[in-house]
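pasting the structure only:
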């Protein structure tokens, strides 16, 4: 390295003095928004209006955080995702997590529940209770939260296509606690219900896009009118990112989905300030540390601007982007799985420094199976160490003002608006999804990433470099196959005990109202839940009216 003969006073002089004039940007072309420069200075922020674009925490446009004091007065909610087997097993895990310091419950459903199939459907064989909890009827929902006061706890449910049915089960299960004292207006939590994301990335659907959007609109309208503490949709970038999207794609497609839901609700006649404060978001925390932080900061700023300037929201609460973060499942490796503890810690720290409102940390063994209790405890302890030992909660937005972070935040914002323009040219997000535009963009990004890994242009420790040695046999959780038979027997027992005439009448009414474009379907779904109609029965009734969906291939 050259030794300068005089003190450099400009960036160009500094580069020349130390032989860095020809230093190239790091060509991160897949996960990162753009090539990363070797050094950032005030020149990278020249001409930027920090008063309007940065501001103070808790003030528009909320780049630095949605609340003035952030974690100095209240930590983020530690909300670990849990669910497996039958409702009894998951209820035990919920109680375990609450006993070990978790402050909110997040429910994982099994694949049949996510796809709208009953546990005794031929399509459910071998999948019941494997990836989450099996919930077929309101009876399962009651068992799932037995001994947990639903008026006191915040509950998140990760389900989308059949979300209206699960919300109905939850409302009825709550009504049956505490002698009917827990009415819908007392419930606090979130249901994901982000249906556009399903067609883009996660691929769990029950109906064609247009009636699925109608059902989501019914949920937003019902929640706005009856559940003032409930987040009626959690707009999810997490699964978009897990499908292979870049950070910029996750940011753009997620925000555009959310803005599409805002437009739909306004078109229904709802006032934006009546529903927007109860919209929430769900983002991924990937391994590219600073880019993730910039993504969250850009997301808050864009959402605040669009809600205020484009959609005319006047309530400052409507401008707030409150979001949950989960560390990246796709970043976990089956090889040398203990390395995943480090990955998760770094990703969780990015979520905290990015200003998340709640956080889930993945367990190190999740590339192999559902997490063991020991792995879950380490994941939760990771959050607690960040909260209580690192000092990052002592000051608000500690990276605010960083030349690099602010420059990357600006660029992430620019890239999001570039995608917005492309989507608008196609006729909006619904039309773009029908034409497979975001699906193709994600597929291309995912392919590019895999090429980089295989060519060792991107290093994954323990996978394509530093592969010597291993961690030995990693204990994994095995779901007892007998639980599937137990769940099927329980379901068939409910069918045998219920009033079949009442169920048939409820399903007929549901179909009749589904055929009426202006009818809100939440009340008849809730009535069907009360008489113990199963999820699969309600889905099939709606499919008789709405039809089914087959995806057009994107390749």
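Everything's here; your move. This is a predicted model, so every value here is computed, not measured. Residues are numbered from 1 along each chain as shown.

for the nearest residue to residue 520 once chain neighbours are set aside, what are its contacts?
Of all residues not flanking residue 520 in the chain, residue 218 sits nearest, at 4.7 Å (C-beta to C-beta, 6 or more residues apart in numbering). (Glycine included, C-beta is placed from N, CA and C.) Contact analysis of residue 218 by C-beta atoms under 8 Å, 6 or more residues apart in numbering lists 164, 520-522.

mind putting those residues into a markdown table with pLDDT and neighbour count?
Shown next, in a markdown table, are those (pLDDT from 0 to 100; neighbours: other C-beta atoms under 10 Å):
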| residue | pLDDT | neighbour count |
| --- | --- | --- |
| 164 | 98 | 23 |
| 520 | 98 | 18 |
| 521 | 98 | 23 |
| 522 | 98 | 21 |
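
tell me which of those fall in strands.
Among these, DSSP state E puts none in strands.

save those as a markdown table, and put in distance to residue 500 too.
Output for the contacts of residue 218, formatted as a markdown table (distance: C-beta to C-beta, whole Å):
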| residue | distance to residue 500 |
| --- | --- |
| 164 | 23 |
| 520 | 26 |
| 521 | 22 |
| 522 | 23 |
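
among those residues, which one sits closest to residue 266?
residue 520 (16.3 Å; C-beta to C-beta).

settle this for me: that closest one is touching residue 220, isn't it.
No. With contact defined as C-beta atoms under 8 Å, residue 520 does not reach residue 220; the gap is 10.2 Å.

for the contacts of residue 218, which one is nearest residue 487?
residue 164 (22.0 Å).

list the contacts for the closest one?
193, 215, 218-219, 521-522, 525.

specify which member of the residues you listed is nearest to residue 547.
Once C-beta to C-beta is applied, the member of the contacts of residue 164 that ends up nearest residue 547 is residue 215, at 13.2 Å.

that closest one in helix, strand or coil?
helix (DSSP: H, G, I helix; E, B strand; the rest coil).

ok, for it, nearest residue in space, not its chain neighbours?
Per C-beta to C-beta, 6+ apart, closest to residue 215 is residue 164, 5.4 Å.

before we move on, the earlier item: among the contacts of residue 164, which lie within helices?
215, 218-219, 522, 525 (DSSP state H).

could you export those as JSON lines, including distance to residue 197?
Shown next, in JSON lines, are the ones in helices among the contacts of residue 164 (distance: C-beta to C-beta, whole Å):
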{"residue": "215", "distance to residue 197": "15"}
{"residue": "218", "distance to residue 197": "18"}
{"residue": "219", "distance to residue 197": "15"}
{"residue": "522", "distance to residue 197": "21"}
{"residue": "525", "distance to residue 197": "21"}
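
mind checking the longest helix of this structure?
helix 403-425.

for that one, packing partners?
helix 247-267, helix 289-305, helix 429-434, helix 437-454 (3 or more C-beta pairs under 8 Å, 6 or more residues apart in numbering; DSSP states H and E).

quick one: buried residues of it?
Across helix 403-425, burial judged by 16 or more other C-beta atoms under 10 Å covers 404-413, 415-416, 419-420, 423.

which residues sit against that helix?
Here helix 403-425 has contacts from 33-34, 40-42, 44-45, 48, 50, 53-54, 63, 247-249, 251-253, 255-256, 290-291, 293-295, 297-298, 301-302, 399-400, 429, 432, 437-438, using C-beta under 8 Å, 6+ apart.

now do that helix and helix 437-454, the angle between them.
For helix 403-425 against helix 437-454, the angle by axes from the mean of the first three to the mean of the last three C-alpha atoms, to 10 degrees is 140 degrees.

let me see the mean pLDDT of helix 403-425.
For helix 403-425, mean pLDDT rounds to 96.

that one: how far from the chain's middle?
20 Å (C-alpha atoms, centre = their mean, to the nearest Å).

do stretch 252-264 as well
Taking mean C-alpha positions (C-alpha atoms, centre = their mean), stretch 252-264 and its chain are 14 Å apart.

tell me which residues of that stretch come out buried.
252-264.

the nearest residue to residue 387 once chain neighbours are set aside in helix, strand or coil?
Nearest non-adjacent residue to residue 387, counting by C-beta to C-beta, 6+ apart: residue 75, 5.3 Å away. Three-state assignment for residue 75 (three-state DSSP): coil.

didn't residue 75 look like it was pressed against residue 384?
No. Applying C-beta under 8 Å as the test, residue 75 and residue 384 come out as separate, 9.3 Å apart.

who has more neighbours, the two?
Ranked by neighbour count (other C-beta atoms under 10 Å), residue 75 and residue 384 place residue 75 first, with 18 against 14.

nearest to residue 80, of the helices and strands packed on helix 403-425?
Among the helices and strands packed on helix 403-425, if distance is taken as C-beta to C-beta, the winner is helix 289-305, at 19.7 Å.

would you mark the buried spots in the closest one?
So helix 289-305, judged by 16+ other C-beta under 10 Å, has buried residues 290-305.

one more: stretch 168-187?
168-175, 177, 182, 184, 186-187.

what about that stretch, start to end distance?
End-to-end distance for stretch 168-187: 12 Å, by C-alpha to C-alpha, to the nearest Å.

tell me the one of the contacts of residue 218 nearest residue 390?
residue 164 (41.0 Å).

do you know how far that closest one is from residue 48?
According to C-beta to C-beta, to the nearest Å, residue 164 stands 44 Å off from residue 48.

what about residue 41, how many neighbours?
14.

brain fart, residue 500
Neighbours of residue 500 using other C-beta under 10 Å come to 12.
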